[in-house]
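S.K.: Here is a sequence with its predicted model. Questions after.
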Amino acid sequence: MRAFCHFITDPLYEWTATCEERFGTHPVQVVHEWNTAVHVHDNEADAKKRAFTKAELHAFFAHCDDEVARIRAFGRKGWLPAFRDATLFKTAYAYGTRRNETRMLDAADFGRNPHGGEFGQYGRCQVRFGKAKKGSPPKRRGVLTVFDWTPDVLDEWFTEVRPLFGTDNNPAAWPSERGLRIGCQRLNSRFIAYRKALGLDDGLDFHSLRRSYVTHLIEDGWDPRFVQEQVGHEHASTTSLYTCVSSDFRTRTLRRHLDSTIAAALETQAGRHA
């Protein structure tokens with residue numbers, strides 16, 4: 001619509017004058033930045049950005065844990081923020097949350113899922129500061145726990161480490177050393193430092209944890225509709241932009257379908273000769 005209106009109002013084509021002469025009125029551009037939402041392709045599909053491979057993600061989380069151990073071995077207080085950030089990164093991946101969604105979580109936002117009792121106190125996560133449309137309040141959604149390691153990570157943080165920050169009367173899941181909760185800049189700097197230490201390319205950013213969540217669930221056979229609901233996408237096409245499945249996954253999928261087709265054809269042929 002924007003392109004069409006731009007075409008008919010472009011003075012090079014003289015449509016405005018022609019319409020004025022024939023109909024007594026003229027076309028105008030009606031699509032502006034202030035009355036339209038940002039298109040998803042402009043917002044999410046930066047070609048340089050990608051998901052972690054499973055090996056890269058394992059190495060990244062292992063490096064997070066190694067840094068905690070290294071700093072703690074020197075007797076420095078910095079191990080507490082390092083532990084917090086490591087847990088936050090893992091949580092962002094575990095629930096497919098955006099950076100601000102993760103940062104704004106409170107301790108009370110984690111709870112039981114009656115249909116997933118094996119996850120205990122950490123069966124779901126209530127996201128209260130989801131990405132909003134322009135002029136609308138933050139969107140809320142509940143995200144169900146899907147990885148069996150998630151409760152152990154969160155339980156260690158909330159029961160053993162977070163209290164060491166002195167969190168009395170602070171509801172934030174990830175308290176700051178000097179304020180209510182950790183800031184975005186601190187998260188970015190920590191993430192970039194770890195990425196560089198591992199020699200990973202800059203196509204990986206904090207949002208890659210969310211891309212990885214979508215990609216890995218799809219690769220592991222989870223229903224695409226379930227994944228879409230988990231990450232809070234209104235349209236399946238938006239979820240597809242996050243899905244960076246590996247060539248190995250595509251090869252396995254193709255081979256599986258080809259083999260099933262061949263098997264069905266052989267079975268049909270055998271039935272005819274019987």
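M.R.: That came through fine. No experiment lies behind these values; they were computed from the predicted model shown.
S.K.: for residue 206, what are its contacts?
M.R.: Residue 206 makes contact with 92, 99, 187-188, 191, according to CB atoms under 8 Å, 6 or more residues apart in numbering. Just so you know, the C-beta spots here come from the backbone N, C-alpha and C atoms, and that holds for glycine as well.
S.K.: Between which two of the residues you listed is the distance greatest?
M.R.: Set against one another by CB to CB, these have their most distant pair in 92 and 188, with a gap of 12.7 Å.
S.K.: The two - which one has more neighbours?
M.R.: Set residue 92 next to residue 188 and count neighbours by other CB atoms under 10 Å: residue 92 wins out with 25 against 13.
S.K.: Just say helix, strand or coil for that one.
M.R.: For residue 92, the secondary structure call by DSSP: H, G, I helix; E, B strand; the rest coil comes out as helix.
S.K.: pretty sure it is touching residue 208, no?
M.R.: No. Counting by CB atoms under 8 Å, residue 208 is not a contact partner of residue 92; they are 9.7 Å apart.
S.K.: so the closest residue in space to residue 200 that isn't next to it in sequence is in which element?
M.R.: Distances taken as CB to CB, 6 or more residues apart in numbering place residue 56 nearest to residue 200, at 6.4 Å, with adjacent residues excluded. Assigned by DSSP states H and E, residue 56 belongs to helix 54-73.
S.K.: Now do the buried residues in that helix.
M.R.: 56-57, 59-61, 63-64, 67-68, 71 (16 or more other CB atoms under 10 Å).
S.K.: now these in TSV, with distance to residue 110 and pLDDT?
M.R.: Formatted as TSV, the entries for the buried residues of helix 54-73 read as follows, by distance: CB to CB, whole Å; pLDDT from 0 to 100:
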residue	distance to residue 110	pLDDT
56	27	96
57	22	97
59	27	98
60	23	98
61	19	98
63	25	98
64	20	98
67	24	96
68	21	97
71	26	95
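S.K.: quick one: which of the residues you listed is nearest to residue 228?
M.R.: Minimum distance to residue 228 across those is 21.2 Å, recorded for residue 57 (CB to CB).
S.K.: Tell me how many other residues crowd the nearest residue to the closest one once chain neighbours are set aside.
M.R.: If the residues on either side of it in the chain are set aside, residue 57 comes closest to residue 212, at 5.8 Å by CB to CB, 6+ apart. The local packing count at residue 212 equals 24, with neighbours defined by other CB under 10 Å.
S.K.: Residue 212 and residue 120, how far apart?
M.R.: Here the criterion is CB to CB, to the nearest Å. By it, residue 212 lies 24 Å from residue 120.
S.K.: quick revisit: show me how far the helix holding residue 56 is from its chain's centre.
M.R.: Centre-to-centre, helix 54-73 and its host chain are 21 Å apart (CA atoms, centre = their mean, to the nearest Å).
S.K.: Alpha carbons only: can I get it in CSV?
M.R.: As requested, C-alpha coordinates have been extracted for helix 54-73 and formatted as CSV (Å, rounded to 0.1, in the frame of the first residue of the first chain):
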residue,chain,number,x,y,z
LYS,A,54,24.1,-26.9,19.7
ALA,A,55,27.8,-27.3,19.9
GLU,A,56,28.4,-23.5,20.1
LEU,A,57,25.7,-23.1,22.7
HIS,A,58,27.2,-25.9,24.8
ALA,A,59,30.6,-24.2,24.6
PHE,A,60,29.1,-20.8,25.5
PHE,A,61,27.3,-22.1,28.6
ALA,A,62,30.4,-24.1,29.6
HIS,A,63,32.5,-20.9,29.3
CYS,A,64,29.9,-19.0,31.5
ASP,A,65,30.4,-21.7,34.2
ASP,A,66,34.2,-21.7,33.8
GLU,A,67,34.3,-17.9,34.3
VAL,A,68,32.4,-18.3,37.5
ALA,A,69,34.8,-20.9,38.8
ARG,A,70,37.8,-18.9,37.7
ILE,A,71,36.8,-15.7,39.4
ARG,A,72,35.7,-17.5,42.5
ALA,A,73,39.1,-19.4,42.7
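S.K.: which residues of the stretch 101-250 of the chain fall in helices?
M.R.: Listed in chain order, the helices of the stretch 101-250 of the chain (DSSP state H, counting those that start in this stretch) span 150-156, 184-197, 207-219, 224-231, 236-242, 247-273.
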